[in-house]
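Peer 1: the following block contains a protein sequence and its predicted model.
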Amino acid sequence: MRYVLFPSLIIGSLIGAACVDQASTPTSPRLSPTAASRTAAPTTVPVITTIYDADAAGNLLPTRSDDYNGAGFATYATLGKLTSHVASDGGWQLYLGSQTARTIYLALASQGIPIPDGKYSADVEVYSGCFDENNAPVSFLGMTTGDSNGNCSFGLDVTSARTKYKLAMGPKDFGTGRATVTCDAAANGKCTSWAIVPNLASANAGVANLYHYSNRGGLILDGAHHNSYSVVVTQ
């Protein structure tokens, strides 16, 4: 897979504070209370997350499952410190927390990313959120069958060798691609199943920025790389 490297630069304004403690709380971008009230349901919605290891053509993906309860895929549901839900801000989040039974598999080292290939669980979060044409956030929960939004984010946080990294694409990450979220099924007029894949028609398709969290808070951009994934979220 091809990737592009850019010089490192400090993006201190993206995140006010972060740490590399494996028991820390999720750190994906969250909406302001005002924006959330306009676009999302008032409570979180538990979901089952399915992460696939390969795309529709059978090509292995950099972001894969742990094959814990399947072959070529795995499902994740909220249990203990592992949470899988559509959050009150309308975005999807899978957080593995400080447990070791469940992991995700990342194959990133071959793309020049300083993270060894392997299974990760410590402080792992995978997330996606969607936006309208003005890049204002919109909720997964407002979609109906057949709706598709190609202006979405996809990111993951992972800790390796005591350094916490973020690999993210979306409207808030300059020079990156986008994810597409499609509502595949609905009940009583509300979407109950969403598919999340890279938007191959977007500018910089498949490009994701790699950041690491600084000790003083904030994110430092390490470069632009590639990520691909296939996720289904079901209520």
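Peer 2: Nice, thanks for sending it over. Numbering: from 1, shown residues only.

Peer 1: what residue in this structure is the furthest from its centre?
Peer 2: Farthest-out residue of the chain from its mean C-alpha position, per C-alpha atoms, centre = their mean: Asn188, at 27.6 Å.

Peer 1: against Ile115, how distant is it?
Peer 2: Distance of Asn188 to Ile115, given as C-beta to C-beta, to the nearest Å: 42 Å. (C-beta placed from N, C-alpha, C; glycine too.)

Peer 1: can you give me the pLDDT of the closest residue to Leu200 other than its chain neighbours?
Peer 2: Leaving aside its chain neighbours, Leu200 sits nearest to Gly206 (7.4 Å; criterion: C-beta to C-beta, 6 or more residues apart in numbering). Note on Gly206: pLDDT of 97.

Peer 1: correct me if wrong: Gly206 contacts Ala179.
Peer 2: No. Checked against C-beta atoms under 8 Å, the pair Gly206 and Ala179 is beyond contact range at 10.2 Å.

Peer 1: now do the shared contacts for these two.
Peer 2: 169, 198 (C-beta atoms under 8 Å, 6 or more residues apart in numbering).

Peer 1: neighbours of the residue nearest to Leu200, how many?
Peer 2: If you count neighbours by other C-beta atoms under 10 Å, Gly206 ends up with 20.

Peer 1: which residues touch it?
Peer 2: Contacts for Gly206 (C-beta under 8 Å, 6+ apart) come out as 169, 177, 198, 200, 226-228.

Peer 1: list just the nearest of those residues to Arg102.
Peer 2: Among the contacts of Gly206, Asn227 lies closest to Arg102 (C-beta to C-beta), at 20.2 Å.

Peer 1: state the distance from that closest one to Pro137.
Peer 2: 21 Å.

Peer 1: between those two, which one's more packed in?
Peer 2: For Asn227 versus Pro137, neighbours defined as other C-beta under 10 Å are more numerous around Asn227 (28 against 22).

Peer 1: report the separation between the more buried one and Arg178.
Peer 2: 12 Å.

Peer 1: okay, and the common contacts of these two?
Peer 2: 169, 198.

Peer 1: in PyMOL, select just the buried ones from the contacts of Gly206.
Peer 2: A single PyMOL command is used to select the members of those judged buried by 16 or more other C-beta atoms under 10 Å:
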select buried, resi 169+177+198+226+227+228
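
Peer 1: could I get the contacts of Gly206 as JSON lines with pLDDT, distance to Asn59 and secondary structure?
Peer 2: JSON lines is the format used below for these (pLDDT from 0 to 100; distance: C-beta to C-beta, whole Å; DSSP: H, G, I helix; E, B strand; the rest coil):
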{"residue": "Met169", "pLDDT": "98", "distance to Asn59": "18", "secondary structure": "strand"}
{"residue": "Gly177", "pLDDT": "98", "distance to Asn59": "17", "secondary structure": "coil"}
{"residue": "Pro198", "pLDDT": "98", "distance to Asn59": "12", "secondary structure": "strand"}
{"residue": "Leu200", "pLDDT": "97", "distance to Asn59": "13", "secondary structure": "coil"}
{"residue": "His226", "pLDDT": "95", "distance to Asn59": "12", "secondary structure": "strand"}
{"residue": "Asn227", "pLDDT": "97", "distance to Asn59": "13", "secondary structure": "coil"}
{"residue": "Ser228", "pLDDT": "97", "distance to Asn59": "8", "secondary structure": "coil"}
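
Peer 1: which of the contacts of Gly206 lies closest to His212?
Peer 2: Distances from His212 to the contacts of Gly206, taken as C-beta to C-beta, are shortest for Asn227 (15.7 Å).

Peer 1: so where's the chain uncertain?
Peer 2: 1-42 (pLDDT under 70).

Peer 1: which stretches of it form helices?
Peer 2: Assigned by DSSP state H, the helices in the chain fall at 33-39.
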